[in-house]
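[1] Got a predicted model here, sequence first, then my questions.
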Amino acid sequence: MTFPQALSERTPRTRWFRIAAAFWLLLISTLALINSVGLSRLAEQIQGSAQDAQANALGLRVADLEQQADADKRRPVPISQTEFATARQALDERMTRLEEAEEARALANDLQTLQGRVNRIEARLEKIRQVAPAARPRAPVATKPKVPEPPFRVLGVELRGGERLLSITSTAAASLVGARLLREGDVEGGWKLQSIEAQAGVFQVNGQTQRVAVP
């Protein structure tokens, strides 16, 4: 009979088909598993990269905020209008004191310079007085006319505006109310003031030179 022979021939083919199907199914399952694992690792890597990028961005932001905080700390504190006005007034007062001190220092220097010049002139005049009698030939001694007493009293020497002035008052005055100042060239009671020395006033009266001591 041929029917049992045909059935026996189909049985090995069916077995091999099943084996092949099972192999392909196993292969596909393995590939799917491998693919799933790879996708999972790729997703983890992508997530890790995203976290690293986020961490770097946060680090840069933190550094920027720290720089801004340092800049705010170094920034000068604003002052109020009252504090500014007070500081400006104090500065103006200090400048005024410095200017006054500078003017006083300049005046003192001018006075010192003038005093030095006066001292040099007096020393030169003194030398001239000492040398003049020896150089002059002797002349007959003439009787000098009597010089009247000055009609005033010398009170002292004052310096105003860099100019030396001789302070005098009338001999009849009981107080200093009538005191006045004489400049070189002024005349008081026929006495013409020629010059003002450190310790005396030099006058011209009746053709003679007279020195009135300064107390």
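    Thanks, I have the structure now.

[2] Following element in sequence after the longest helix along the chain, please.
    As assigned by DSSP state H, the longest helix anywhere in the chain is helix 3-74. Remark: after helix 3-74, the chain's next helix or strand is helix 81-135, criterion DSSP states H and E.

[3] Name every strand pairing with the helix or strand following that next one and say which way it goes.
    Per DSSP H and E, the first helix or strand lying C-terminal to helix 81-135 is strand 152-160. Strand 152-160 pairs in its sheet with strand 163-170 (antiparallel), by DSSP bridges.

[4] May I see the buried residues of the partner strand?
    For strand 163-170, a neighbour-count test (16 or more other C-beta atoms under 10 Å) marks R164, L165, L166, S167, I168, T169 as buried. Glycine gets a C-beta too; all of them are placed from N, C-alpha and C.

[5] Including distance to Q112, could the residues you listed go into a markdown table?
    Shown next, in a markdown table, are those (distance: C-beta to C-beta, whole Å):
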| residue | distance to Q112 |
| --- | --- |
| R164 | 14 |
| L165 | 19 |
| L166 | 21 |
| S167 | 22 |
| I168 | 27 |
| T169 | 29 |
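
[6] now for these, which pair is the farthest apart?
    The distance between the two most remote of these (C-beta to C-beta) is 17.8 Å, for R164 and T169.

[7] V157: what's it in contact with?
    R164, L165, L166, S167, I196, A198, G201, V214 (C-beta atoms under 8 Å, 6 or more residues apart in numbering).

[8] meant to ask about V212, not that
    V212 makes contact with P150, V154, A200, G201, F203 under the criterion C-beta under 8 Å, 6+ apart.

[9] Who does the helix or strand harbouring it pair with, and is each partner parallel or antiparallel?
    Per DSSP H and E: V212 is located in strand 208-213. Partners of strand 208-213 in the sheet, by DSSP bridges, are strand 200-205 (antiparallel).
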